[in-house]
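# Provide a 3D model corresponding to the input given below.
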Amino acid sequence: MMGVHGFKLHLFFGVLVAVIIAVAFGNSSPQLIRDRIRETDNPFMQSLLDMLENPVETARFFVSQVTLFSLIVWPLIIYCSIRIMRVMFEPLHVERKAGDMGYIMDDGRSKMEIANEMMRRRRPGNLPPVYPNGWFSVGRSMDLKKGDIWYKSMLGLELAVYRGEDGEARILHAYCPHMGANIAVGGRVKGNCLECPFHGWSFEGKTGEVQSIPYASKIPSNAKTKHYKCLELNGIIHLWYHAEGEEPSWYPPDVKDIQAGKMKYHGKTDHVVNAHIEEIPENGADLNHLTHLHEPILFTGRDLRHTTGGLGQYMSHLWEGEWHQDKDISHIGVLNLKTKIAVLGVTLPAIEINAKAEQVGPGLVYLHIFLPIFGEALLIQTVTPLEPLLQEVQHTVFAVPGMPRILAKFALWAESVQFERDLMVWNHKTYEAKPMLTKEDHLVGKHRRWYSQFYSENSPRFQFKKKDGLDW
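Here you go, the predicted model:
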């Protein structure tokens, strides 16, 4: 018979060879096929024919090769192969819940216990209004299927988000004006309306008007609930919020390549940050923190206690950047960024990445990452206030067709690592209304003046009360 390696090789290519035989000798008799194979004097084909003609002997040989070593090694090889395939070809999905990241877990308490204690102990500072005016993400389009309903609490609002049978997303006030039931909990999508689970009142999502009441002979003329302006764009469901109830004065950019499907989806990450919303986009103008917090090579991890040790002593990121307000569109701030890698202080000329981040309003960022040879990856960041000092931050990455998925996923993973370094600071810091700045920090003040345009007279504020604790 054949050796062990020959057997495994034949087993691997068996199906392929069977197909070849079927094609080559499809109209021949079995005996003629055997004769033709014998005539070829091909060892590989001869061995295969031996296997087919002596199935009992082949089975005995296979059993004789099953050892403890092979029982361990082959499953391990299969597992590793599956993992590699997933890394190469499946989108990256990372979800961090409140308390998962940015806290030190050294005293045996749970993540949530430490997170809640830090929220109680932290001095909030003299905060700006907690809910700025603008477009905010309610969630990703891909996650809301036809007939789905979300109950969402954000911006001090209680919302019922659903997708009608026509495929459009709609947003209503969550509580039924009839008797106060939450229509997002147990409600049903009927056509393009949302039906209350309590008495069956049916609301149209674009107007808030009641379309039917099962037991009523007539619908009252004032029977309606509050509805919210909803915009689905670039794979995100947006809600317009304004403290004075004004109509939108601007809209997020329409990325045509995403809408047309030319830029492909490659992954997403979700985080929860215990901080004021303005702290997060302010990072874009704080260029000096890049050369300290984000200098250690990203492979050193997220925990700031350890990033400067190990590999961080020998490899580092070098950053150059500048931030400015867009000269034509006042609600857009622009960060141009360049990063290189240095080993033992020597810059690697072949590794240079350029990026452009557009801060669109108070809660949207479009980060364009330009990679040599492969083109552009677009990373969309959304920041949504769930509570006054609790932000939901989502990142979604798209890339041009020529970019391998693993490269787009690496860009998203790298952003996630760097973001989680900031998260460790945000979760513990206080907001300084009058920071002690040097002249090199002037962009921080410039960014705060730019961001203030998103607050108005009635924007909700957060107050610290000694007796009652935190309130707003």
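
# I would like the residues contacting the longest strand seen in the chain, please.
Taking DSSP state E as the criterion, the chain has its longest strand at strand 346-360. Strand 346-360 is contacted from outside by 135, 252-253, 281, 284, 318, 326, 331-342, 365-372, using Cβ atoms under 8 Å, 6 or more residues apart in numbering. Any C-beta I mention is one placed from the backbone N, CA and C, and that applies to glycine too.

# among those, which are located in helices?
P281 (DSSP state H).

# roughly how far does the most centrally placed residue in the chain sit from E232?
Nearest to the mean C-alpha position of the chain, counting by Cα atoms, centre = their mean, stands K268 at 2.2 Å. In this view, K268 and E232 are 16 Å apart by Cβ to Cβ, to the nearest Å.

# if we can go back for a sec, contact partners for the residue nearest to the centre of the chain?
91-94, 140, 394-397, 412.

# which of those residues ranks first by neighbour count?
Most neighbours among those, by other Cβ atoms under 10 Å: V397, with 27 neighbours.

# can you confirm it is in a strand?
Yes - under DSSP: H, G, I helix; E, B strand; the rest coil, V397 falls within a strand.

# hey, what's it bridged with?
G267, L379 (DSSP bridges).

# what's the burial count for V425?
Using other Cβ under 10 Å, the number of residues around V425 comes to 15.

# domain parsing for the protein?
Domain ranges of the chain: 4-66, 94-125+257-464, 134-241, per automatic domain parsing.

# switch these over to a markdown table; also include mean pLDDT.
Formatted as a markdown table, the domains of the chain follow (pLDDT from 0 to 100):
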| stretch | mean pLDDT |
| --- | --- |
| domain 4-66 | 57 |
| domain 94-125+257-464 | 90 |
| domain 134-241 | 97 |
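
# what about V130, how many neighbours?
V130 has 22 neighbours, counted by other Cβ under 10 Å.

# list the residues that contact the residue nearest to F374 when sequence neighbours are not counted.
Excluding its sequence neighbours, the residue lying closest to F374 (Cβ to Cβ, 6 or more residues apart in numbering) is M403, at 4.4 Å. M403 makes contact with 371, 374-377 under the criterion Cβ under 8 Å, 6+ apart.

# among those residues, which are in helices?
In helices, judged by DSSP H, none of those are found.

# of these, closest to M85?
Using Cβ to Cβ, F374 is the member of those that sits closest to M85, with 20.5 Å.

# quick one: that closest one from M154, how far?
The separation that F374 has from M154, given Cβ to Cβ, amounts to 36 Å.

# can you pull out the helices in this protein?
Secondary structure of the chain (DSSP H): helices located at 4-24, 30-40, 43-53, 55-65, 68-89, 111-121, 256-259, 279-282, 287-290, 405-426, 442-451.

# next, work out how far apart S456 and T291 are.
For S456, the distance to T291 equals 36 Å [Cβ to Cβ].

# one more: F410?
Per Cβ to Cβ, F410 is found 23 Å from T291.

# more neighbours: the two, which one.
Between F410 and T291, counted using other Cβ under 10 Å, the more crowded position is F410 (19 against 14).

# quick check: that one vs P404, distance?
Taken as Cβ to Cβ, the span from F410 to P404 is 9 Å.

# quick one: buried ones out of the contacts of M403?
Neighbour counting by 16 or more other Cβ atoms under 10 Å classes 371, 376-377 among the contacts of M403 as buried.

# apart from its chain neighbours, what residue comes closest to A275?
Distance criterion Cβ to Cβ, 6+ apart; nearest residue to A275, sequence neighbours excluded, is W426 at 4.0 Å.

# burial check on the one you found, number of neighbours?
With other Cβ under 10 Å as criterion, W426 counts 19.

# got the contact list for it?
The neighbours of W426, taking Cβ under 8 Å, 6+ apart as the test, are 102, 273-275, 279-280.

# would you format those residues as a markdown table with neighbour count and distance to T438 included?
Below are the contacts of W426 laid out as a markdown table (neighbours: other Cβ atoms under 10 Å; distance: Cβ to Cβ, whole Å):
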| residue | neighbour count | distance to T438 |
| --- | --- | --- |
| G102 | 28 | 27 |
| V273 | 24 | 26 |
| N274 | 23 | 28 |
| A275 | 23 | 23 |
| E279 | 21 | 19 |
| I280 | 22 | 22 |
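
# for the closest residue to S456 other than its chain neighbours, give its distance to P388.
What sits nearest to S456 in space, not counting adjacent residues and going by Cβ to Cβ, 6+ apart, is A243, at 5.2 Å. Distance, A243 to P388, using Cβ to Cβ: 14 Å.

# need the residues touching each of the two.
Common neighbours of A243 and P388, counting by Cβ under 8 Å, 6+ apart, are 131, 460.

# which one of the two has more residues nearby?
The neighbour comparison of A243 against P388 (other Cβ under 10 Å) goes to P388, with 22 against 17.

# could you export stretch 213-229 as CSV, CA atoms only?
The C-alpha coordinates for stretch 213-229 follow below in CSV (Å, rounded to 0.1, in the frame of the first residue of the first chain):
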residue,chain,number,x,y,z
ILE,A,213,-58.8,52.2,17.2
PRO,A,214,-60.4,48.6,17.1
TYR,A,215,-63.3,49.3,19.4
ALA,A,216,-64.0,53.0,18.6
SER,A,217,-66.7,54.2,16.2
LYS,A,218,-64.8,57.4,15.6
ILE,A,219,-61.1,58.4,15.9
PRO,A,220,-60.8,61.7,18.0
SER,A,221,-59.4,64.5,15.9
ASN,A,222,-56.6,65.1,18.4
ALA,A,223,-55.6,61.5,18.6
LYS,A,224,-51.9,61.5,17.8
THR,A,225,-48.5,61.1,19.4
LYS,A,226,-45.2,62.9,18.9
HIS,A,227,-43.1,61.8,16.0
TYR,A,228,-39.4,62.6,15.3
LYS,A,229,-37.6,63.5,12.1
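
# give me the buried positions along that stretch.
Going by neighbour count (16+ other Cβ under 10 Å), the buried part of stretch 213-229 is 213, 223-225, 227-228.

# just stretch 318-335 next, same as before
In terms of neighbour count (16+ other Cβ under 10 Å), stretch 318-335 has its buried residues at 318-319, 321, 323, 325, 331-335.

# can you tell me the closest non-neighbouring residue to Y162?
I149 (4.4 Å).

# measure the one you found to A174 for me?
Note on I149: its distance to A174, by Cβ to Cβ, is 10 Å.

# correct me, but K446 touches W323?
Yes - using Cβ atoms under 8 Å, K446 is in contact with W323, at 7.5 Å.

# strands along the stretch 101-250 of the chain, start to end?
134-140, 149-154, 157-163, 169-173, 188-190, 193-195, 202-204, 210-212, 227-228, 230-233, 236-241 (DSSP state E, counting those that start in this stretch).

# figure out which of these is closest to S70.
Of the strands of the stretch 101-250 of the chain, nearest to S70 by Cβ to Cβ is strand 134-140, at 44.4 Å.

# residues contacting the closest one, please?
150, 152, 154-155, 159, 161, 169, 171, 230-231, 235-241, 248, 251-252, 268, 331, 360-364, 382-385, 392, 394, 396, 454.
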